[in-house]
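1. Attaching a predicted model along with its sequence, questions to come.
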Amino acid sequence: MHIRVALLLWLACASVLMLAAPASGKTRHGAHAHRAVPAHIATWAYDDGCVGGKGASAELVRAWVTYAESNCGAENPKVLNDCHGGGRHYCTAIAYLQSSIIYTDSPLARIPVPESWYLHEPGYSDAAHRLRTSAYGGGYYLNQSNPAADAYFASYVKASFNDYDGLMVDDTGASMQSQFFGTGLASSEEISNGGELVAAHEQMAGSLTHVGGSPFLEVDNGLGANPWLSTPFPLLGHPGLVNGLIAEDVPEDNGVLINPAWAYPTMLDEMAYVDHTRRDFIVLLSYNYDGSAAARRMQAASVLLGYSRGHIVSWSDLEQDNRDLAVWPEEGIVPTRPRQSMRRPRGYGCLQGSGRVCTRGGHRTLEVAPGVYRREFAKCYYRGRGFGRCAVIVNTNDHAIRVRRRWLTRSYRHRITFVGGDVQSGGRLRLRGARFRAGHTIVPAQDALLLSR
């Protein structure tokens, strides 16, 4: 529901001045450049000009964004103009879709439909007992297992978003607790368990196609890091249906790290799970208000802990006090040749909503001390230019820790530091920004280090 919040906040605020974009975001190739390495890791950002990306040039978007999302309605052309041009697709244009809850501003709320299109409290099927949420002005839950309701949204996306490459479908939890959170109910009259809920999501996803019948890339917002809730992984692995999942408030929830005892390990295990699938990906969506350095380090390091090209996407919505493009210069660091990688997560009840954190593989592969995680790469690049080996260390504890020499298999002399802010405002990195000494350097509580040779 993050996107609705951002839009409502924008509508309530006065407009701000556009910030000038850097003159060029192109990758420079020289003696140390490697054309097979992308200019940045996979990124996601709003680029509609109202929720985010205001003033961002097409050149900047094409240089930094992999998935560009619009949440300003079908008539907004910015994402399409920035991602598509001259017969080329520079980035993947994503349209926002809410097909689980019909809010008062939804197109569906303005037309009469049969009562069977809605979910109801157990034992009822009348309008007075629709399953309802009071959030964002109130809304009713759609019955996605109803073919007629699915057909409505199939027609809607063809008419509104046919030129887009993909859809971000909000509120697609796989457990009754997450889907019906805030209603006080654990089921509805029409859908009574998680299996039926996932089947309803799949039925809706299967109906959403372009005019010619080709599928949209679909990314569902429904993955959390709570081991007591079922993951929506069953939605993945269906070509032409769901290809990606968004983990909202992960790892940073408004500048606060998710629970380090069980949520952070679960996040790493989820990343490890998807790293071992063929074509699926996870989007880590973190929030912060003012783009704090600690939040930036934690987001960047967490992405690199589980980084596998094509499987992990960074959405660093860390600057909610403005509407700049939510991309940061550290997302230009592309690691290769990892010295450690998470093995497939395993353990009794692991990632099954049992409350159990995985006991083998996953986060256990990278944990070098309680609550401390490390990963090293033999060759790293920044905007296509190699700068040698690099590493990340994450401290999820509520106290500072001293880096132990035994945690690292190679030597590193520098910490990567930040100069300025996001890429739209001209932010940049110092790859050798501060001294690092294993055995001496301290990692603050719930913070991270980005290291270079």
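-> In hand now; what should we look at? Everything quoted here is computed from the prediction, not taken from an experiment.
2. can you pull the pLDDT of His34?
-> Looking at His34, its pLDDT is 60.
3. Next one: Met342 from Ser308, what distance?
-> Distance, Met342 to Ser308, using CB to CB, to the nearest Å: 9 Å. Quick note: C-beta positions are derived from backbone N, CA and C, even for glycine.
4. So the two - more neighbours on which side?
-> Neighbours were tallied for Met342 and for Ser308 using other CB atoms under 10 Å; the higher tally belongs to Met342 (25 against 16).
5. How about the secondary structure of the residue nearest the centre of the chain?
-> Nearest residue to the geometric centre of the chain (CA atoms, centre = their mean): Val283, 2.7 Å. Judged by DSSP: H, G, I helix; E, B strand; the rest coil, the three-state class of Val283 is strand.
6. tell me the phi and psi of the closest residue to Leu241 other than its chain neighbours?
-> The shortest distance from Leu241 to any non-neighbouring residue, by CB to CB, 6 or more residues apart in numbering, is to Ala205 (4.3 Å). Note on Ala205: its backbone torsions stand at phi -60, psi -40 [degrees, to the nearest 10].
7. How about Ser302?
-> According to degrees, to the nearest 10, Ser302 has phi -60, psi -40.
8. Contacts only, for Asp290.
-> Asp290 sits next to 319, 321 when contact means CB atoms under 8 Å, 6 or more residues apart in numbering.
9. part of a strand, is it?
-> No: Asp290: not assigned to a strand; according to three-state DSSP it is coil.
10. any idea of the pLDDT on it?
-> So, for Asp290, pLDDT stands at 92.
11. what about it, distance to Arg428?
-> For Asp290 relative to Arg428 (CB to CB), the value is 18 Å.
12. rewinding a little: just checking, the residue nearest to Leu241 touches Leu236?
-> No: at 10.7 Å, Ala205 does not count as touching Leu236 under the criterion of CB atoms under 8 Å.
13. Wasn't Cys380 part of a strand?
-> Yes: Cys380: assigned to a strand according to three-state DSSP.
14. so it makes contact with Gly388?
-> Yes: the pair Cys380 / Gly388 is scored as a contact, 6.7 Å apart, by CB under 8 Å.
15. any shared contact partners between the two?
-> Ser452.
16. buried sites along stretch 429-448?
-> Residues of stretch 429-448 classed as buried: 429, 431, 436, 438, 441, 443, 445-448 (neighbour count, 16 or more other CB atoms under 10 Å).
17. Pick the one among those closest to Ile401.
-> Nearest to Ile401, judged by CB to CB, of the buried residues of stretch 429-448 is Val443 at 5.4 Å.
18. before we move on, back to that, so which of Ala205 and Leu236 has more stuff around it?
-> Ala205 (25 against 22).
19. neighbour-wise, which of Cys380 and Gly388 wins?
-> Shown here are Cys380 and Gly388; by other CB under 10 Å, Cys380 has more neighbours (26 against 16).
20. hey, what's that one bridged with?
-> Pro335, Gly388 (DSSP bridges).
21. For the remainder of this discussion, apply numbering that starts at 846.
-> Renumbered: residue one is now 846, and that last one reads Cys1225.
22. so how far is Arg1182 from it?
-> Going from Cys1225 to Arg1182 by CB to CB gives 9 Å.
23. ok, now Thr1028?
-> Separation of Thr1028 from Arg1182 (CB to CB): 49 Å.
24. Between those two, tell me which one has more neighbours.
-> Ranked by neighbour count (other CB under 10 Å), Thr1028 and Arg1182 place Thr1028 first, with 17 against 10.
25. correct me, but Leu1030 touches Leu964?
-> No: here Leu1030 lies out of contact with Leu964, judged by CB under 8 Å, at a distance of 9.5 Å.
26. Common neighbours of the two, please.
-> The contact lists of Leu1030 and Leu964 share Leu976, where a contact means CB under 8 Å, 6+ apart.
27. And for the host helix or strand of Ala996, what's in contact with it?
-> Using DSSP states H and E, Ala996 sits within helix 992-1006. Helix 992-1006 has contacts (CB under 8 Å, 6+ apart) with 919, 940, 942, 944, 952-953, 958-959, 961-962, 987-989, 1012, 1048-1049, 1052-1056, 1061.
28. Mind doing that once more with 7 Å?
-> 919, 940, 942, 944, 952-953, 962, 987-989, 1012, 1048-1049, 1052-1056 (CB atoms under 7 Å, 6 or more residues apart in numbering).
29. mean confidence score for it?
-> 96.
30. Any buried residues in that helix, and which?
-> Buried residues in helix 992-1006, counted by 16+ other CB under 10 Å: 994-995, 997-999, 1001-1002, 1006.
31. now swap in stretch 1044-1060 and tell me
-> Buried residues in stretch 1044-1060, counted by 16+ other CB under 10 Å: 1045-1054, 1060.
32. What of stretch 1117-1133?
-> Buried residues in stretch 1117-1133, counting neighbours by 16+ other CB under 10 Å, are found at 1117-1120, 1125-1133.
33. which one of the residues you listed sits closest to Ala972?
-> Leu1130 (34.8 Å).
34. I figured that closest one hits Leu1090, correct?
-> No: if you go by CB atoms under 7 Å, Leu1130 and Leu1090 don't touch, sitting 10.5 Å apart.
35. Walking through the stretch 1046-1195 of the chain, point out its strands one by one.
-> Assigned strands in the stretch 1046-1195 of the chain, in chain order: 1062-1068, 1087-1093, 1097-1098, 1101-1102, 1126-1132, 1157-1162, 1178-1183 (criterion: DSSP state E, counting those that start in this stretch).
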